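In: dropping a prediction and its sequence here:
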Number of protein chains: 2
Amino acid sequence: MQLINRDTDYAIKALMHIAKQNSERIPVSELAKILEIPNPFLRKILQILNKRGVLNSYKGKGGGFLLASSPDKIFLKDLINIFQGPVKLNECIFKKSICPDIKICALRTRIDALEKHVISELESITLASLLEDGASLHS
Amino acid sequence: MQLINRDTDYAIKALMHIAKQNSERIPVSELAKILEIPNPFLRKILQILNKRGVLNSYKGKGGGFLLASSPDKIFLKDLINIFQGPVKLNECIFKKSICPDIKICALRTRIDALEKHVISELESITLASLLEDGASLHS
DNA sequence: TATAATGATACTAATATAGTATCATTATAA
DNA sequence: TTATAATGATACTATATTAGTATCATTATA
């Protein structure tokens, strides 16, 4: 069971690096080399982040990517949503419902509560918070 | 992002039904019909539950499955472990580590805490608790 | 001893994830 | 004004995981 898949992982690493460039446009080719991520794959990821408003892109010579907003406005939850869809802890089990009355189903109640907790935690984790306290890429 | 996959889902439903049979052996064929799960698929799942000590099985005519322990000793966490492996919220992102010092990495700290919370919740959900309060299968 | 059950296990199908390739567009600078 | 260095769009392939099937062996019972 995996909370963060590879797309999201790469996105986080790339965003952390971009955030540290202080408004210097950084092209995919450079990022890919530094982060050891296959160039075309990273490119696809950054294109998606651009479409979804997390990054701004600049075409042509001297182009590249920049954060579209400040790191404290970029939430882990949103990145997970972009690449993996909404956090749903209970999809399958409740499709063909396990209990007759939603209100009194113990499982549903508890899984829903757990889901809320997870989502609110993910909402509280920002790119800024990842950059604090010396966190940095070292690969 | 999915906490409970189809194997685990079917396992829960089957176990709930078996639990209600009060020591009456129930064969896969019957369960499969009631739960509308493909027979050979459910069979595989019950065989695994048997191997892992959650169910006892009885071969031959009049055979079938029975809970190996009381419903308050069967934990959701164990079912997830059996079919989906250990709950790991952070695998991918920390493999090629994102921060140089585990102790001070904000992301790791928070995801670890979240993981602990999720696991302890799953440990507190038993088959018995799912059977309480009128919860029952209706498909 | 036929039969109704599980045990073991190998196989196939479908889906999701990961990664590649390529042509089009655009901005810059020599 | 044109070569070039960048992204945009998009279709494709490969791999892994999940879901499901098939089949033969074993065993207990009536």
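Out: That came through fine.
In: pretty sure residue A:117 sits against residue B:117.
Out: Yes: if you go by C-beta atoms under 8 Å, residue A:117 and residue B:117 touch, sitting 6.5 Å apart. Yep, even glycine has a C-beta here, placed from its N, CA and C like the rest.
In: pLDDT-wise, which helix or strand of chain A ranks last?
Out: Every helix and strand in chain A was compared by mean pLDDT, DSSP states H and E; the lowest is helix A:91-95, with a mean of 73.
In: got the contact list for it?
Out: Helix A:91-95 is contacted by residues A:107-108, A:111, B:2, B:4-6, B:8-9, B:12 when judged by C-beta atoms under 8 Å, 6 or more residues apart in numbering or on different chains.
In: go ahead and confirm residue A:88 touches residue A:118.
Out: No: counting by C-beta under 8 Å, residue A:88 does not reach residue A:118; the two are 10.3 Å apart.
In: the more surrounded of these two?
Out: residue A:118 (22 against 15; other C-beta atoms under 10 Å in any protein chain shown).
In: and that one, what helix or strand is that in?
Out: Element membership for residue A:118 (DSSP states H and E) is helix A:106-124.
In: circling back to that earlier point, is DNA strand C contacted by the least confident helix or strand of chain A?
Out: No: Helix A:91-95 stays clear of DNA strand C (C-beta under 7 Å from any atom of the strand), getting no nearer than 10.4 Å.
In: tell me the buried residues in that helix?
Out: Neighbour-count burial for helix A:91-95 flags A:92-94 (criterion: 16 or more other C-beta atoms under 10 Å in any protein chain shown).
In: circling back: the contacts of helix A:91-95: which ones sit near DNA strand D?
Out: For DNA strand D, the contacts drawn from the contacts of helix A:91-95 by C-beta under 7 Å from any atom of the strand are B:5-6.
In: now the contacts of helix A:91-95 as JSON lines including neighbour count and distance to DNA strand C?
Out: Compiled in JSON lines, those are given as follows (neighbours: other C-beta atoms under 10 Å in any protein chain shown; distance: C-beta to the nearest atom of the strand, whole Å):
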{"residue": "A:107", "neighbour count": "24", "distance to DNA strand C": "23"}
{"residue": "A:108", "neighbour count": "20", "distance to DNA strand C": "22"}
{"residue": "A:111", "neighbour count": "22", "distance to DNA strand C": "19"}
{"residue": "B:2", "neighbour count": "19", "distance to DNA strand C": "8"}
{"residue": "B:4", "neighbour count": "25", "distance to DNA strand C": "14"}
{"residue": "B:5", "neighbour count": "16", "distance to DNA strand C": "11"}
{"residue": "B:6", "neighbour count": "15", "distance to DNA strand C": "11"}
{"residue": "B:8", "neighbour count": "22", "distance to DNA strand C": "16"}
{"residue": "B:9", "neighbour count": "23", "distance to DNA strand C": "15"}
{"residue": "B:12", "neighbour count": "22", "distance to DNA strand C": "18"}
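In: low-confidence bits of chain A, can you list those?
Out: For chain A, the stretches with pLDDT under 70 are A:96-104, A:133-139.
In: what residues does chain A put near DNA strand C?
Out: Counting by C-beta under 7 Å from any atom of the strand, the residues of chain A close to DNA strand C are A:5-7, A:38, A:40-41, A:43-44, A:58-63, A:84.
In: neighbour-wise, which one of the residues you listed leads?
Out: Neighbour counts for these (other C-beta under 10 Å) peak at residue A:7, which has 18 neighbours.
In: excluding its backbone neighbours, what's nearest it?
Out: Spatially, and ignoring its direct neighbours in sequence, residue A:7 is nearest to residue A:83 (4.0 Å; C-beta to C-beta, 6 or more residues apart in numbering or on different chains).
In: quickly note the distance from that neighbour to residue A:112.
Out: The spacing between residue A:83 and residue A:112, counted by C-beta to C-beta, to the nearest Å, is 24 Å.
In: what about these two, which has more around it?
Out: A direct count of neighbours by other C-beta under 10 Å for residue A:83 and residue A:112 places residue A:83 higher, at 19 against 15.
In: so who does that one touch?
Out: By C-beta under 8 Å, 6+ apart, the contact list for residue A:83 reads A:5, A:7-8, A:11, A:45, A:48.
In: where does the residue positioned nearest the centre of chain A sit: helix, strand or coil?
Out: With distances taken as C-alpha atoms, centre = their mean, residue A:79 lies nearest the centre of chain A, 2.2 Å away. Classification of residue A:79 using DSSP: H, G, I helix; E, B strand; the rest coil returns helix.
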